[in-house]
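Q: Below are the sequence and a predicted model for it; my questions follow.
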Amino acid sequence: MKLITAIVKPYRLDEVKTALQELGVQGLTVTEASGYGRQRGHTEVYRGAEYQVDLVPKVRIEVVVEDADADPVIDAIVRAAQTGKIGDGKVWAVPVETVVRVRTGERGPDAL
Amino acid sequence: MESVTSVTLAAGQASAPDTGDTAWLLAATALVLLMTPGLALFYGGMVRAKSVLNMLMMSLVSIALVTVVWLAAGYSLAFGDDAFGGLIGGLGHAGMRGLGPDSVQGTVPTLLFATFQLTFAIITAALISGAIADRAKFGAWLVFVPVWALLVYVPVTHWVWGPGGWIVDELGALDFAGGLPVEITSGASGLALCLVLGPRLGFKKDAMRPHNLPMVVLGAGLLWFGWFGFNAGSALGANGLAAAAFLNTLAAGCTGLLGWLFVEQRRDGHPTTLGAASGAVAGLVAITPACGTVSLLGALVVGLAAGVLCSYAVSWKFKLNYDDSLDVVGVHLVGGIVGTVLIGVFATAAMTGGAEGLLYGGGLAQLGRQLLAVAAVGLYAFAVTYGIGKLIDRTTGFRASEEQEHTGLDLTVHAETAYDHGVLGHGAPVTSSVLAQKVTPQP
């Protein structure tokens, strides 16, 4: 199994969700996140005083899938989140040793 | 203008108050009192979330503290018969002695006049808190406010509006609704106090963004609403002068707002919400002394000048290194000076009943009187406030501890937080003994 983590622009979340549902992904976790990459931050001005805001709001989407599904899911996320402009985010995958469904105690791919 | 400049105590006078004038002043007094909670929101939105409650509290306690001091001695010292060379009134009405429902001041009950003036003293004290946001020891503020009200606000008010006061009655300077006692006094005092306390931790390094701009706009709205009572109420009657002051107040707030936004668009590239609220307040500050003395054209220019100048003045603190956190100097001192001085240009006999400014053929004389009054009040307020501040700082300390300031005054001083963001770990109320027994594990 693989844990796929995607950091994307918040306004692309709906597109990513729809794309994953179409692929049959059963569930995902979304958290609000902030950070920066090459996009860096932005400036805000209050009474003439300029503030550099380094951290930009993003959403972090996490989904665990079977190994064979990892690449199609990653591709779907990238397609849905892509705007072509700087700050579109990152997607990565890491191996997952085990998954347990809390309600039933099922382990492994059955728990997905 | 006559009704304001030649105030005389008329306790026990036989004549009955005018019902129309009294009705308007009752309403105006309530309007002005609302300005202080409005100011609390205006300031509260501009500080960081960790100290917003402390900011609100500094204004709220000012209402209570100044009221007690005013009734005890402040009113008598400010508006009692002159006791010493136009500098201070007597203590004849200390504790409101000798004043009852039958006492009449001009055409309104004396008790109403005294209450109306009290609301001015309250907001002037509260205004100063913006200069020392996020870092003052609350106990020190509780000491500062009454002492400051007696030693700074009361004498300046006597000079300007007290019977025989040297600024209006002797010198002949004009101040309709408080450019000198309210705006310049609060601004100069704010400057003194922020120098005593020193800058916030992280001044010029950390982002100290306003945490709630909608709250700032709500506060500015309440201030503007109350300002009609402040300015038009200062006519002390329901009459044409009150109407002219009312319209001038609206006009100057609008040109102040437009002036500030114009500068922002040109200088920073964006018109901001904070700029609009600040510009309106700057225009209102500047028209305060002038609303009952200048023409409508004058009011429009006064507001615009204040909006433009104050939008630059708020950045002086970064160059000169004084942390006037919420720009009491940049808005109230500078705006107050603009409005008070421009009376010397735009005063018109139709409003003042005599005195005229440069533009209406009065020459430079009135301008000179205005400048002298500004300098005297500004220097007095700065010097005495600096002295009071230093004294408190040397004895009990005026500044919160570094840890308190870092954590935020809300939690460390008031044991509260303004916003519940659904933080995990909030348990049952520990003050409820029954509940506490149930949840406390026995060792």
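A: That came through, no problem.
Q: biggest helix in the chain, by residue count?
A: You didn't pick a chain, so chain A it is. Across chain A, the longest stretch assigned as helix under DSSP state H is helix A:70-81.
Q: my question was about chain B
A: Chain B, longest helix under DSSP H: helix B:365-395.
Q: So which bits of that one are buried?
A: B:366-367, B:369-371, B:373-374, B:376-378, B:380-382, B:384-386, B:388-389, B:392-393 (16 or more other Cβ atoms under 10 Å in any protein chain shown). Yep, even glycine has a C-beta here, placed from its N, CA and C like the rest.
Q: which other helices and strands contact that helix?
A: If contacts are counted by 3 or more Cβ pairs under 8 Å, 6 or more residues apart in numbering or on different chains; DSSP states H and E, helix B:365-395 sits against helix B:138-148, helix B:154-161, helix B:185-197, helix B:334-346.
Q: what angle separates it from helix B:334-346?
A: Angle, helix B:365-395 to helix B:334-346, by axes from the mean of the first three to the mean of the last three Cα atoms, to 10 degrees: 160 degrees.
Q: Count the residues that sit near the residue of the stretch 51-200 of chain B found nearest chain A.
A: Nearest residue of the stretch 51-200 of chain B to chain A: B:G130, at 12.2 Å (Cβ to the nearest Cβ). The local packing of B:G130 (other Cβ atoms under 10 Å in any protein chain shown) involves 26 other residues.
Q: what sits against it?
A: B:43, B:46, B:190, B:324-328 (Cβ atoms under 8 Å, 6 or more residues apart in numbering or on different chains).
Q: Out of those residues, which is nearest to chain A?
A: Closest to chain A, out of all of the contacts of B:G130 and judged by Cβ to the nearest Cβ, is B:D327, at 6.5 Å.
Q: isn't that closest one right up against B:S278?
A: Yes: assessed by Cβ atoms under 8 Å, B:D327 is found in contact with B:S278 at 7.4 Å.
Q: Now for the nearest residue in space to the residue of the stretch 51-200 of chain B closest to chain A that is not next to it in sequence: which residues touch it?
A: Using Cβ to Cβ, 6 or more residues apart in numbering or on different chains and skipping the chain neighbours, the partner closest in space to B:G130 is B:L326 (3.4 Å). Neighbour list for B:L326: B:43, B:46-47, B:130-131, B:133 [criterion: Cβ under 8 Å, 6+ apart].
Q: Surely B:L326 is in a helix?
A: No: with DSSP: H, G, I helix; E, B strand; the rest coil as the criterion, B:L326 is assigned coil and is not in a helix.
Q: Look up phi and psi at it.
A: Dihedral angles of B:L326 (phi, psi; degrees, to the nearest 10) stand at phi -110, psi 20.
Q: before we move on, the earlier item: just the CA trace of the following helix or strand past the longest helix of chain A, in PDB.
A: Later in the chain than helix A:70-81, the nearest helix or strand by DSSP states H and E is strand A:89-95. Output in PDB follows, covering the C-alpha atoms of strand A:89-95 (Å, rounded to 0.1, in the frame of the first residue of the first chain):
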ATOM      1  CA  GLY A  89       2.100  22.300  -5.100                       C
ATOM      2  CA  LYS A  90       3.600  18.800  -4.700                       C
ATOM      3  CA  VAL A  91       2.500  15.200  -4.600                       C
ATOM      4  CA  TRP A  92       4.500  12.400  -3.200                       C
ATOM      5  CA  ALA A  93       4.000   8.700  -2.200                       C
ATOM      6  CA  VAL A  94       5.500   6.700   0.600                       C
ATOM      7  CA  PRO A  95       5.100   2.900   1.400                       C
END
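Q: count of neighbours near the closest residue to B:A133 other than its chain neighbours?
A: Spatial nearest neighbour of B:A133, excluding adjacent residues (Cβ to Cβ, 6+ apart): B:S325 at 3.9 Å. Neighbour count for B:S325, taken as other Cβ under 10 Å: 25.
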